[in-house]
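Undergrad: coordinates only, sequence not included:
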């Protein structure tokens, strides 16, 4: 029994160090993307949540913007395959989008803010207020690329 306990410990100790990443569950995760994002962060970067929409390889993150920004929280995104393809959620009004959640099966991003819950349909680039009935209407035009005017704006 003692051999079974010591074997995993010796295997963990013998793994090669990972100098440019964080290793978790045997997988090496590169952390440079998080700190290389060109977003209006505060002097001290505060990111509350990170999640990857696997269908488009887009990393969504919620963060605290600069202290001069009228919003307390924002949600941004960056495409991991094309790091120049990034955007911040903005519709020209204060939304305080402090949290989000991803529906991997349907390509939806649920955005929680001060005025309620919104749904971003990444397949058609539309954002609308959340409805528990599942109807999706009167959506705002959006761009996940951050290059065209719409719900997402570049920074």
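TA: Thanks, I have the structure now. Computed from a predicted model, the values in this text were never measured in an experiment. Numbering: from 1, shown residues only.
Undergrad: Output the below-cut-off pLDDT ranges for the chain.
TA: The model of the chain has pLDDT under 70 over residues 1-20, 22-25, 29-36, 90-92, 133-155.
Undergrad: Sketch out the strands for it, chain order is fine.
TA: Ranges of strands in the chain, per DSSP state E, are 21-24, 27-30, 47-53, 58-63, 74-79, 86-89, 99-103, 108-113, 116-121, 126-129, 140-141, 152-153.
Undergrad: And the fourth one, what does it pack against?
TA: For strand 58-63, the contact count by 3 or more C-beta pairs under 8 Å, 6 or more residues apart in numbering; DSSP states H and E identifies strand 47-53, strand 74-79, strand 99-103 as packing neighbours. For glycine as for every other residue, the C-beta is placed from the backbone atoms N, C-alpha and C.
Undergrad: For those strands, give me JSON lines that also has mean neighbour count and distance to residue 27.
TA: Below are the helices and strands packed on strand 58-63 laid out as JSON lines (neighbours: other C-beta atoms under 10 Å; distance: least, C-beta to C-beta, whole Å):
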{"stretch": "strand 47-53", "mean neighbour count": "15", "distance to residue 27": "13"}
{"stretch": "strand 74-79", "mean neighbour count": "24", "distance to residue 27": "20"}
{"stretch": "strand 99-103", "mean neighbour count": "16", "distance to residue 27": "19"}
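Undergrad: ok, the nearest residue to residue 95 once chain neighbours are set aside - contacts?
TA: Closest residue in space to residue 95, ignoring its immediate chain neighbours: residue 113 at 4.3 Å, by C-beta to C-beta, 6 or more residues apart in numbering. Counting by C-beta atoms under 8 Å, 6 or more residues apart in numbering, residue 113 touches 73, 95, 96, 97, 98.
Undergrad: List only buried entries from those residues.
TA: Among the contacts of residue 113, those buried by neighbour count (16 or more other C-beta atoms under 10 Å) are 73, 95, 97, 98.
Undergrad: Touching, the third one and residue 63? I think so.
TA: Meaning residue 97. No: applying C-beta atoms under 8 Å as the test, residue 97 and residue 63 come out as separate, 10.1 Å apart.
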